[in-house]
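Peer 1: sequence and predicted structure are below.
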Amino acid sequence: MCGIAGVLARQPSADLDSRLRDMQAKLRHRGPDDAGIWIDSGQEIGLAQTRLAILDLSPLGHQPMWTQDGRYVIVFNGEIYNFGEIRRELLACGRSFRSLSDTEVILEAFRHWGTDCVRKMVGMFAFVIWDSMERTAFLARGPFGIKPLYIWEHEGNIAFASEVRSLLGAQLASPQLCPESLKQYLLYGSVQDPQTLLTGISSLPTGCYMAWSREGSKVERYYDDSFTPRLDFDRPAHLVARDAFLASVSRHFVSDVPVNLFLSGGIDSTAILAAAKTLGFDRLKTFSLSFDETGFNEGDAAARTAKHFGVEHYDQRLREHEAVALSEEYLQAIDLPSVDGYNTFCVSRFAGSEGAKVVLSGLGGDELFGGYPSFQKLPKLRRLHHIFGLAGQPLRQWLGSGIQNLSNSGPVRRAGAYLMSDGSPEAAYWTMRGIFTPREADALVSYYAGKSFNPLDADNNPFLKGGHSGIRGLDRVSYLEATRYMQNQLLRDSDVMSMAHGLELRVPFVDREFVAAIRAIPAVTRLAKGKALLQEAIPEIPAWVSEGPKRGFSFPFEKWLSGRWTGQSLDAERVTGVRLSTWYRRWALITFEHFLTTNQIQGHCLQ
């Protein structure tokens with residue numbers, strides 16, 4: 001696990017070394033154990049890395065790493081859990097190795113199989129390989145985007161980094177706020193992949209790789225994220241799920257340092273602990289947070305679960321005054337703005353303070369097994385839209401506009417906007433997950449970026465495009481939760497907030513082979529109420545967990561933060577008239593404004 005950065009330029013640069021060192025310095029929190037820089041003799045290509053040593057702790061794991069003949073150089077962020085299998089296959093083909101690291105396995109796999117090497121990898125990864133003979137670069141990102149890779153393209157030159165704030169150190173051009181990306185952020189409360197809020201800077205899409213040369217760049221997809229349910233299983237679905245889950249958890253324990261767990265009172269993290277104990281992993285440590293607010297507190301259930309499985313449990317009681325005091329530190333940890341991530345920041349900070357370097361998280365279970373209210377509510381929303389549609393579009397438009405004008409409630413105003421939409425699954429999903437309405441987002445974009453959208457413009461679609469039209473029914477809800485909320489918010493925030501404390505966060509539910517096995521199970525079984533399939537697959541989950549109420553890993557934000565930031569520069573509400581009546585709306589603007597000021601990006605309102 002690391003931070004990576006680099007510059008791929010068409011012309012030599014006398015200050016390439018200083019730029020790389022600036023980029024590297026902004027990634028030190030991601031890799032406190034080691035650091036390295038490599039620059040080619042022509043002063044055009046430079047790679048930088050900061051290392052959190054997890055596999056092969058020796059100096060042989062140092063990066064940038066190059067092949068023995070010096071042709072290929074790599075910087076790599078992530079873990080390849082099946083690197084041992086790939087290594088043995090390469091040894092049988094005559095390849096040799098100097099280290100025991102997965103980084104060298106990637107290098108040799110690329111040299112042997114070329115771009116197809118990524119199809120063999122099971123893990124989380126973002127890496128860049130420079131071919132000094134062909135003068136080309138290969139950039140790749142994992143199937144689910146667990147590890148980020150941001151790219152800045154300008155006049156044929158490329159800079160890349162694990163975080164946007166590091167990327168800006170490349171100084172390819174003056175960073176400019178992108179109004180279209182800002183609108184999507186305001187609609188959803190997180191920057192929507194592959195956007196980043198800045199013109200010319202994007203993330204390499206999940207499950208894709210890029211080939212770069214002086215002549216240009218090309219992005220290709222290697223991973224198919226569609227759902228392909230099977231009806232011909234020769235074994236019960238719960239046994240298929242159990243075998244796949246145990247295999248995934250076992251893979252995620254591949255490490256040369258101890259592996260720990262985040263433990264809440266919920267089913268997903270408990271399932272991971274139960275699987276780990278079943279597999280024979282002992283001497284485990286679990287970490288959780290507890291609160292005085294009983295409606296949010298899962299600490300007692302987590303402690304009971306830890307005792308049941310006989311593991312060493314650590315709990316931090318987080319109180320209001322402590323949480324508020326940490327808010328500034330949390331803001332400094334943010335890379336791209338988000339309305340989420342504070343929970344992961346706090347529990348990662350706690351685990352890191354206790355010496356943990358690797359933790360497993362239950363993230364991803366809700367998306368695969370139907371744990372969110374969206375699986376029940378989204379079909380109802382679509383049926384209501386159809387019913388109102390029978391009355392005719394003029395009435396539906398009039399009613400939707402009136403609801404937005406008269407209501408002070410954010411969810412109700414979003415429902416009004418939904419009535420005016422086409423009623424698609426994407427629009428219904430936004431109604432549940434959204435922050436501001438399209439009208440409100442337009443007003444705020446005008447305030448912050450000086451950009452006015454034409455409401456009749458087809459490109460002013462307030463809902464994300466690119467939905468997978470071949471995925472139907474509840475599988476579509478699962479797909480949207482995975483590719484919208486999980487990918488754009490949960491995974492991104494988890495990466496940034498765990499790495500802020502030099503902590504590697506692994507997600508066994510978001511594993512290529514496990515996901516493929518589970519997605520093949522028809523939705524009627526996979527998404528049965530109460531995560532019935534997961535509970536049947538892992539019967540070791542205690543009754544007080546499986547039968548307890550679902551709270552989710554959430555904090556009492558509204559109680560803690562109400563009125564705390566009245567002195568912040570939130571003139572947007574006064575100027576635009578957009579109501580900031582909820583904490584998450586106010587917080588969305590606070591984190592966005594912090595992004596502007598921290599990165600010295602000029603917004604229209606700040607001129």
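Peer 2: Thanks, I have the structure now. Residues are numbered from 1 along each chain as shown.
Peer 1: return the distance of residue 423 relative to residue 188.
Peer 2: 19 Å (Cβ to Cβ, to the nearest Å). Placement of C-beta: from N, CA and C, glycine included.
Peer 1: looking at the two, which one has more neighbours?
Peer 2: Taking other Cβ atoms under 10 Å, residue 423 and residue 188 do not tie; residue 188 has more neighbours (25 against 19).
Peer 1: need the helices for the stretch 451-600 of the chain, in chain order.
Peer 2: For the stretch 451-600 of the chain, helices defined by DSSP state H, counting those that start in this stretch occupy the ranges 473-480, 492-499, 512-519, 523-526, 532-537, 543-546, 557-561, 571-576, 583-598.
Peer 1: now swap in the stretch 301-450 of the chain and tell me
Peer 2: Ranges of helices in the stretch 301-450 of the chain, per DSSP H, counting those that start in this stretch, are 320-325, 327-333, 342-353, 365-369, 374-389, 393-406, 410-419, 425-433, 438-449.
Peer 1: before we move on, the earlier item: the helices of the stretch 451-600 of the chain: which one's closest to residue 70?
Peer 2: Set against residue 70 and scored by Cβ to Cβ, those come closest in helix 492-499, at 30.5 Å.
Peer 1: which residues touch the closest one?
Peer 2: 1, 3, 29-30, 52, 145-148, 162-163, 190-191, 193, 333-336, 338, 340-341, 344-345, 348, 359, 361, 363, 504-505, 507 (Cβ atoms under 8 Å, 6 or more residues apart in numbering).
Peer 1: follow-up on the earlier one: quick one, which of the helices of the stretch 301-450 of the chain is packed in tightest?
Peer 2: Among those, ranked by average contacts under mean count of other Cβ atoms under 10 Å, first place goes to helix 365-369 (a mean of 25).
Peer 1: distance between it and the chain's centre?
Peer 2: 15 Å (Cα atoms, centre = their mean, to the nearest Å).
Peer 1: before we move on, what about stretch 514-523?
Peer 2: 21 Å.
Peer 1: rounded mean pLDDT for that stretch, please.
Peer 2: Throughout stretch 514-523, pLDDT has a mean value of 94.
Peer 1: about what we covered before: worst mean pLDDT among the helices of the stretch 301-450 of the chain?
Peer 2: Mean pLDDT is lowest for helix 320-325 out of the helices of the stretch 301-450 of the chain, coming in at a mean of 79.
Peer 1: just checking, what packs against that one?
Peer 2: The elements that helix 320-325 packs onto, with contact taken as 3 or more Cβ pairs under 8 Å, 6 or more residues apart in numbering; DSSP states H and E, are helix 557-561.
Peer 1: pLDDT on the helix it packs on, on average?
Peer 2: pLDDT averaged over helix 557-561 gives 62.
Peer 1: check stretch 32-40 too.
Peer 2: 90.
Peer 1: ok, what's across the strand from the residue nearest to residue 299 when sequence neighbours are not counted?
Peer 2: Leaving aside its sequence neighbours, residue 299 sits nearest to residue 290 (Cβ to Cβ, 6 or more residues apart in numbering; 2.4 Å). Note on residue 290: beta-bridge partners by DSSP bridges are residue 317.
Peer 1: burial check on residue 290, number of neighbours?
Peer 2: Using other Cβ under 10 Å, residue 290 has 19 other residues around it.
Peer 1: what residue spans form the domains of this structure?
Peer 2: Domain ranges of the chain: 2-221, 237-371+475-561, per automatic domain parsing.
Peer 1: need those domains in CSV (columns: distance to residue 589).
Peer 2: CSV is the format used below for these (distance: least, Cβ to Cβ, whole Å):
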stretch, distance to residue 589
domain 2-221, 9
domain 237-371+475-561, 9
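Peer 1: give the contact list for residue 307.
Peer 2: Going by Cβ under 8 Å, 6+ apart, residue 307 touches residue 313.
Peer 1: now do residue 52
Peer 2: Contacts of residue 52 by Cβ under 8 Å, 6+ apart are 1-2, 30-33, 357, 499, 502, 504.
Peer 1: of the domains of the chain, which is nearest residue 449?
Peer 2: Smallest distance to residue 449 across those (Cβ to Cβ): 4.2 Å, for domain 2-221.
Peer 1: do a quick rundown of the helices in the stretch 101-250 of the chain.
Peer 2: Using DSSP H, counting those that start in this stretch, the helices of the stretch 101-250 of the chain run over residues 102-113, 164-167, 179-188, 237-251.
Peer 1: what's the longest one packed up against?
Peer 2: If you count contacts as 3+ Cβ pairs under 8 Å, 6+ apart, helix 237-251 packs onto helix 267-278, helix 512-519, helix 532-537.
Peer 1: contacts for the shortest one?
Peer 2: Around helix 532-537, the neighbours that count as contacts under Cβ under 8 Å, 6+ apart are 237-239, 241-242, 245, 267-268, 271, 365, 369, 521, 525-527, 541, 546.
Peer 1: list buried residues within those.
Peer 2: For the contacts of helix 532-537, a burial check counting by 16 or more other Cβ atoms under 10 Å picks out 237-238, 241-242, 245, 267-268, 271, 365, 369, 521, 525-527, 541, 546.
Peer 1: returning to that earlier point: got CSV for the helices of the stretch 301-450 of the chain, with distance to residue 136 too?
Peer 2: Supplementary listing: the helices of the stretch 301-450 of the chain in CSV, determined by distance: least, Cβ to Cβ, whole Å:
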stretch, distance to residue 136
helix 320-325, 49
helix 327-333, 35
helix 342-353, 37
helix 365-369, 36
helix 374-389, 43
helix 393-406, 51
helix 410-419, 46
helix 425-433, 37
helix 438-449, 36
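Peer 1: what's the weakest-modelled helix or strand in the protein?
Peer 2: When the helices and strands of the chain are scored by mean pLDDT, DSSP states H and E, helix 557-561 comes last with a mean of 62.
Peer 1: give the buried residues for stretch 268-284.
Peer 2: In stretch 268-284, counting by 16+ other Cβ under 10 Å, buried: 268-278, 281, 284.
Peer 1: show me what contacts the residue most central in space within the chain?
Peer 2: Nearest to the geometric centre of the chain sits residue 491, at 2.2 Å (Cα atoms, centre = their mean). The neighbours of residue 491, taking Cβ under 8 Å, 6+ apart as the test, are 144-146, 363, 507, 510.
Peer 1: how about 10 Å then?
Peer 2: Counting by Cβ atoms under 10 Å, 6 or more residues apart in numbering, residue 491 touches 124, 144-148, 193, 206, 361, 363-364, 482, 485, 505, 507, 510.
Peer 1: equivalent analysis for residue 279, please.
Peer 2: Here residue 279 is in contact with 246-247, 249-250, 253 (Cβ under 10 Å, 6+ apart).
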